[in-house]
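Participant: This is the structure alone, sequence omitted:
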């Protein structure tokens, strides 16, 4: 009983002491504020000589978090205009209210977006602020900049021949060198990009040659590069790995980035030969057509062209077999404005190609590797008609 009384008196003493020594209320920290972002410039068109120079300074206001400002975290976000920062590139800044960006740093971001050299684009920029532990995130206003990427040297040296050929047991010509042309020559689409469409066997390999018939130099790959694409280089150690299963494939080789892709070809059936027939031509709708005057020249694996007189306001078709109406290359809708000057065509579509409104000598060019970017899943390719 005596022990219980002692315990009761001890507890009462603690309660009394606590009541007499009240702990102060915990401090209250208010919320911070979203920062306001500013840029030192609104238009950037740097040159190669500016690579290491600062071309823009981003600055922002103090968010006034309840923490030492040296711990504040800011993430600069950059993306193509209108994309709502879904594919943004970011730069993190800690404890500062501004950040510079060099021409080289910005140019790498722009090229990563797929922007073309010397073409102006609009980008969106904003800043997300937070405590150092990422708590209390606030997004700033979004500002827009007009930016123009400058040209940088290609990552992989271009073939001095200006040409590129495919050889290997994944191809129809096997390892025989020289390779059959034009069917195993890639088309040069622009200064640094080559494309080709090839029937390839499964489980085999290939190389790319700058000079047909010469084994001295080659474009190849390093270790563990998948068949679908990756890095390539000049005189690398390994053959390209071909597809696992046979079929028709589109090969794109980009020397600017030093990367290639190999994907199943989804364009219109690729012909060996092409002939033009129709009321727009000298031979009219007579089939077979006169050759060689109405036979297109195959330049490489994917490009065909022909120069011929075309009458005004008429139409034409392209035939893979002279004298046969079984199959044709045509357009889905020949009433589209401007189609006589070029657009997209496919295999066995309903409408004839519309000829130009003015008679004259014209060059017709076709590229079976170029897809419609607005409808990439459609089995179409590009044609262009130019008055000479």
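Facilitator: Nice, thanks for sending it over. All values reported here derive from a predicted model rather than from experimental measurement.

Participant: Just give the number of residues close to residue 36.
Facilitator: Other residues near residue 36 come to 14 when the count uses other CB atoms under 10 Å. Bear in mind the C-beta positions are built from the backbone N, C-alpha and C, glycine included.

Participant: what sits up against stretch 377-387?
Facilitator: 266-268, 332, 340-347, 353, 356, 358, 360-372 (CB atoms under 8 Å, 6 or more residues apart in numbering).

Participant: make that stretch 163-175, sorry
Facilitator: Contacts with stretch 163-175, where a contact means CB under 8 Å, 6+ apart, come from 176-181, 183-186, 188, 194, 196, 198-201, 204-212, 219, 239-240, 242-243, 251, 253.

Participant: ok so, going back, name only those of the contacts of stretch 377-387 that count as buried.
Facilitator: The neighbour count (16 or more other CB atoms under 10 Å) marks 267-268, 340, 343-347, 353, 356, 362, 364-372 as buried among the contacts of stretch 377-387.

Participant: Those residues in strands, which ones?
Facilitator: Within these, residues falling in strands by DSSP state E are 343, 344, 345, 346, 347, 353, 362, 364, 365, 366, 367.

Participant: Adding distance to residue 154 and pLDDT, write those residues out as CSV.
Facilitator: As requested, those are exported to CSV (distance: CB to CB, whole Å; pLDDT from 0 to 100):
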residue, distance to residue 154, pLDDT
343, 31, 94
344, 29, 95
345, 32, 95
346, 33, 94
347, 35, 95
353, 36, 97
362, 34, 97
364, 31, 97
365, 25, 97
366, 27, 97
367, 22, 97
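
Participant: Next, format those as CSV and append distance to residue 39.
Facilitator: Listed next are those as CSV, based on distance: CB to CB, whole Å:
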residue, distance to residue 39
343, 40
344, 40
345, 45
346, 46
347, 50
353, 49
362, 48
364, 48
365, 43
366, 45
367, 40
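
Participant: Tell me which two of those residues sit farthest apart.
Facilitator: 347 and 362 (22.7 Å; CB to CB).

Participant: one step back: of the contacts of stretch 163-175, which qualify as buried by neighbour count?
Facilitator: 177, 179, 183-186, 188, 194, 196, 198, 200-201, 204-212, 219, 239-240, 242-243, 251, 253.

Participant: How about residue 126: what's its closest non-neighbour residue?
Facilitator: In space, residue 126 comes closest to residue 142 once its chain neighbours are excluded; the distance is 4.6 Å by CB to CB, 6 or more residues apart in numbering.

Participant: Now that neighbour. Its backbone dihedrals?
Facilitator: For residue 142, the backbone dihedrals (degrees, to the nearest 10) come out as phi -100, psi 130.

Participant: That one against residue 122, yeah?
Facilitator: No: between residue 142 and residue 122 there is no contact under CB atoms under 8 Å: 11.4 Å.

Participant: and those two? which has more neighbours close in?
Facilitator: A count of neighbours by other CB under 10 Å puts residue 142 above the other of residue 142 and residue 122, at 15 against 11.

Participant: Just the pLDDT at the more buried one, thanks.
Facilitator: If you check residue 142, the pLDDT there is 97.

Participant: For residue 90, see how far away it is.
Facilitator: Counting by CB to CB, to the nearest Å, the separation of residue 142 from residue 90 is 14 Å.

Participant: same question, residue 276
Facilitator: Using CB to CB, we find residue 276 at a distance of 53 Å from residue 90.

Participant: Tell me which of the buried ones among the contacts of stretch 163-175 fall in strands.
Facilitator: Per DSSP E, those map to strands at 188, 194, 196, 198, 200, 205-209, 219, 240, 251, 253.

Participant: TSV for those, including pLDDT and distance to residue 298?
Facilitator: Shown next, in TSV, are these (pLDDT from 0 to 100; distance: CB to CB, whole Å):
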residue	pLDDT	distance to residue 298
188	97	15
194	97	16
196	97	13
198	97	14
200	98	19
205	98	26
206	98	21
207	98	23
208	98	20
209	98	19
219	98	23
240	98	24
251	98	17
253	98	20
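
Participant: can you tell me which of those lies nearest to residue 325?
Facilitator: residue 198 (28.5 Å).

Participant: for that closest one, what are its contacts?
Facilitator: With contact set as CB under 8 Å, 6+ apart, residue 198 has these partners: 166, 171, 172, 183, 184, 248, 249, 251, 301.

Participant: now swap in residue 271 and tell me
Facilitator: Going by CB under 8 Å, 6+ apart, residue 271 touches 320, 329.

Participant: tell me the secondary structure for it?
Facilitator: coil (DSSP: H, G, I helix; E, B strand; the rest coil).

Participant: Give me the distance between it and residue 295.
Facilitator: Counting by CB to CB - residue 271 and residue 295 are separated by 12 Å.

Participant: same thing with residue 69?
Facilitator: 75 Å.

Participant: Counting neighbours, go ahead and name the busier of those two.
Facilitator: Neighbour comparison, residue 69 and residue 295: the larger count goes to residue 295, with 17 against 12 (by other CB under 10 Å).

Participant: Now do the residue nearest to residue 274 when sequence neighbours are not counted: how many residues are near it, please.
Facilitator: Setting aside the residues directly before and after it, residue 274 is nearest to residue 296 in space (CB to CB, 6+ apart), at 4.1 Å. Neighbour count of residue 296, defined by other CB under 10 Å: 21.

Participant: right, and residue 296 touches residue 276 too?
Facilitator: Yes: using CB under 8 Å, residue 296 is in contact with residue 276, at 6.7 Å.

Participant: list residues touching both of the two?
Facilitator: Joint contacts of residue 296 and residue 276 (CB under 8 Å, 6+ apart) are 306, 318, 364.
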